[in-house]
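Asker: sequence and predicted model, in that order:
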Amino acid sequence: PAPLSNIQLALFTMDALTGAGGRANRPVALRLTGPLDRRALEAALSALVERHEPFRTIYPFVGAEPIQQVLPPFEVELPVVDLTALDLTARRERLTEVMADAATTAHDPTSEAQFDARLVVESEDTHVLVLALHHIGFDGWSESVLVADLTELYRAAVTGTDPVLPDLPIRVTDYARWERAAAKAADHEREAAYWRDRLAGLGHAPRLPSSPTASVEAYAPVSASFDADLMAAVHVLARQEKTTPFVVLMTGLQLLGRELLDADDFVVSCPIAGRDRPEVQHLVGCFINTVLLRSSLGEADTGIELLRAVRARVGEALANRSVPNQTVTESFGGWTRRPRLFRMSFQWRDFPSRAPAGPVDVDVEVVSVPSEVNGLAWYITPLDGAAELEVKYNPSLFDPADVAAWIDRLRAHVTALCADPAAPIGPGRPRRPAVEPTTPLEADQIEPVTANIARRARLAPDAPAIEGPDGDLDYATLWERAGVVAAGLVDAGAGP
């Protein structure tokens, strides 16, 4: 048995303490276009499970500590969801339901290896492979590994040849043991001290402006693009300042954060791949860490000064990235008492791709699976000189039209920064006022508080319901605790 890595232990603990269940899933959907050999696909999936141990790993307790226990390989049999009899609209709705089910179905990581696969048939030559995987063994980089390996394994199964795949010199369990040993090194405390000093004085993060028309009923991430001309300007400025496009875009995001949060001091959470070592580049697993970038707006009067301050802070963060994020945040209190330190996250997703060793009759395309986050999560993916931008958000707080407007504001900030880096950055904009209803509501139009909370607990269970200095409660926990109190009152004789 092997210990859990730092990020695995953090995810496992959060899952156990919050009852996250299916909310810890990492769903993947792949549209397969062309004549599909289902037997070959099942053989390729079985070989994928054998190659990558996280697909067959459970995390039981031994004493007080969870461990990684790798189970033997197993054969994958694909259940089929046939949508060919439905019209286009109904087909899309049913596919969304299947993907949502994959994203939310709860598993017990202590006893169940989570590798759920199902095949959705849209037409004779169009299928969608929907996978449900637990975040504890699967991250964003792993998705690119999965697509590359599965494509090559499918090619080999169809042609009856041996697959051509990169060697895997270590296993995820080897990495976890190495990381535990490395954490005892002398520089671990030095890095932890950096984070304590850098984040000193932080309390609850300032709130993002919520949308009066927010609805959890029809959620989808908001997507946009930064065209090739804008990204070319970003790269030019990055080269001039001996930095990266990430730093230029982060500078723009800090300017946007000033507008949205009406504050100069805030934190943006930045997941990093954690794949520096070549031994782990072709592994499926969860290797991410998160660095917390405190804004640098108080250090600058112009765009170029802010960019240089952000460049310095990013460099420091990466130099001290080996300390696990949970170690950094533990100084703010336990899981239930620590303040919410950030409302936004930002990730540059430039994951590697790998072509199969020969021609494949099926085209593989990743399909975006809607998933919610508590605040705003910004994802930038470079693509053919341009960049694709996806923003995931909490639909109980934000309206997609507002999120789209914020993307436009980010684009405007980045454009202005690249055009005139020496221009003053100016003061923060005031937060917009709350919208007052112009027509009084009738009594039957007002939803009871209990019904509202019950609905939100069902549709957006991890959305924040209560925030305070002693910790936060999401809607699922609030509804559960309210039920316990109500049952106690009934037992004591209370009634209408």
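Answerer: Sure thing, it's come through. Numbers count the residues shown, from 1 in each chain.
Asker: only C-alpha atoms from now on, for both contacts and neighbour counts.
Answerer: Noted.
Asker: average pLDDT across stretch 260-277?
Answerer: Averaged across stretch 260-277, pLDDT comes to 91.
Asker: in it, what's buried?
Answerer: The neighbour-count check on stretch 260-277 (16 or more other Cα atoms under 10 Å) flags 260-275 as buried.
Asker: got a list of contacts for it?
Answerer: Outside stretch 260-277, the residues within contact range by Cα atoms under 8 Å, 6 or more residues apart in numbering are 141, 205-209, 257-258, 281, 287-298, 341-347, 428-431.
Asker: now, those that are in helices?
Answerer: If you go by DSSP state H, the contacts of stretch 260-277 have 141, 257-258 in helices.
Asker: could those go into TSV alongside neighbour count?
Answerer: Shown next, in TSV, are those (neighbours: other Cα atoms under 10 Å):
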residue	neighbour count
141	24
257	26
258	20
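Asker: the stretch 51-200 of the chain: helices as residue ranges?
Answerer: Taking DSSP state H, counting those that start in this stretch as the criterion, the stretch 51-200 of the chain carries its helices at 88-104, 140-159, 172-182, 187-198.
Asker: so what strands line up beside the following helix or strand past the last one?
Answerer: Yep, that's helix 187-198 we're talking about. Downstream of helix 187-198, the first helix or strand assigned by DSSP states H and E is strand 222-226. According to DSSP bridges, strand 222-226 has the following sheet partners: strand 386-393 (antiparallel).
Asker: report the rounded mean pLDDT for the strand it pairs with.
Answerer: 93.
Asker: from the chain's centroid, how far away is it?
Answerer: How far strand 386-393 lies from its chain's middle: 12 Å, per Cα atoms, centre = their mean, to the nearest Å.
Asker: may I have the next helix or strand after that strand as CSV, with CA atoms only?
Answerer: For strand 386-393, the following helix or strand on the C-terminal side (DSSP H and E) is helix 400-419. What follows is helix 400-419, C-alpha atoms only, in CSV (Å, rounded to 0.1, in the frame of the first residue of the first chain):
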residue,chain,number,x,y,z
PRO,A,400,-24.4,34.2,-18.2
ALA,A,401,-25.0,37.6,-19.8
ASP,A,402,-23.1,39.3,-16.9
VAL,A,403,-20.3,36.7,-17.2
ALA,A,404,-20.1,37.4,-21.0
ALA,A,405,-19.8,41.1,-20.2
TRP,A,406,-17.0,40.5,-17.8
ILE,A,407,-15.2,38.5,-20.5
ASP,A,408,-15.5,41.6,-22.7
ARG,A,409,-14.1,43.8,-19.9
LEU,A,410,-11.1,41.4,-19.5
ARG,A,411,-10.5,41.6,-23.3
ALA,A,412,-10.7,45.4,-23.1
HIS,A,413,-8.2,45.5,-20.2
VAL,A,414,-5.7,43.2,-22.0
THR,A,415,-6.1,45.2,-25.3
ALA,A,416,-5.4,48.5,-23.5
LEU,A,417,-2.5,47.1,-21.6
CYS,A,418,-0.8,45.8,-24.8
ALA,A,419,-1.5,49.1,-26.7
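Asker: partner residues bridging residue 388?
Answerer: residue 225, residue 381.
Asker: partners of residue 67 in the sheet?
Answerer: Under the criterion used (DSSP bridges), residue 67 bridges to residue 3.
Asker: helices and strands of this structure: which one bottoms out on pLDDT?
Answerer: Every helix and strand of the chain was ranked by mean pLDDT, DSSP states H and E. The lowest is helix 449-459, at a mean of 66.
Asker: pull up the pairing partners for whatever helix or strand comes next after that helix, direction included.
Answerer: Remark: after helix 449-459, the chain's next helix or strand is strand 464-468, criterion DSSP H and E. Strand 464-468 has its sheet partners listed here by DSSP bridges as strand 471-474 (antiparallel).
Asker: what pLDDT, on average, does the strand it pairs with get?
Answerer: Mean pLDDT, strand 471-474: 71.
Asker: quick one: closest of the helices of the stretch 51-200 of the chain to residue 357.
Answerer: Across these, residue 357 has its closest neighbour in helix 140-159 (6.7 Å, Cα to Cα).
Asker: hmm, back to that, now the buried members of the contacts of stretch 260-277.
Answerer: The buried subset of those (16+ other Cα under 10 Å) comprises 141, 205-206, 208-209, 257-258, 281, 287-297, 341-347, 428.
Asker: burial check on the closest residue to residue 45 other than its chain neighbours, number of neighbours?
Answerer: Once flanking residues are discounted, residue 45 sits nearest to residue 76: 6.3 Å by Cα to Cα, 6 or more residues apart in numbering. If you count neighbours by other Cα atoms under 10 Å, residue 76 ends up with 19.
Asker: ok, residue 76 touching residue 46?
Answerer: Yes. Between residue 76 and residue 46 there is a contact at 5.1 Å, judged by Cα atoms under 8 Å.
Asker: so what's residue 4 up against?
Answerer: Residues near residue 4 by Cα under 8 Å, 6+ apart: 66-68, 173, 176.
Asker: tally up the residues packed near residue 192, please.
Answerer: Neighbours of residue 192 (other Cα under 10 Å): 20.
Asker: thought it was touching residue 323?
Answerer: Yes. Proximity of residue 192 to residue 323 meets the contact threshold set by Cα under 8 Å, at 6.3 Å.
Asker: give me the pLDDT for the closest residue to residue 407 other than its chain neighbours.
Answerer: Spatial nearest neighbour of residue 407, chain neighbours left out: residue 224 (7.6 Å); criterion: Cα to Cα, 6+ apart. pLDDT for residue 224: 95.
Asker: then the one 5 residues further on?
Answerer: Model confidence at residue 229, expressed as pLDDT, equals 97.
Asker: again, but for residue 323
Answerer: Reported pLDDT for residue 323: 78.
Asker: neighbours of it, how many?
Answerer: Other residues close to residue 323 by other Cα under 10 Å number 22.
Asker: what does residue 160 give?
Answerer: Neighbours of residue 160 (other Cα under 10 Å): 10.
Asker: on that earlier part again, save the contacts of residue 4 as JSON lines, and put in pLDDT, neighbour count and distance to residue 92 too.
Answerer: Formatted as JSON lines, the contacts of residue 4 follow (pLDDT from 0 to 100; neighbours: other Cα atoms under 10 Å; distance: Cα to Cα, whole Å):
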{"residue": "66", "pLDDT": "91", "neighbour count": "20", "distance to residue 92": "40"}
{"residue": "67", "pLDDT": "94", "neighbour count": "21", "distance to residue 92": "40"}
{"residue": "68", "pLDDT": "94", "neighbour count": "22", "distance to residue 92": "38"}
{"residue": "173", "pLDDT": "94", "neighbour count": "21", "distance to residue 92": "40"}
{"residue": "176", "pLDDT": "91", "neighbour count": "20", "distance to residue 92": "41"}
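Asker: among these, find me the one that's closest to residue 51.
Answerer: residue 173 (13.6 Å).
Asker: the closest one reaches residue 3, doesn't it?
Answerer: Yes. With contact defined as Cα under 8 Å, residue 173 reaches residue 3; the gap is 7.4 Å.
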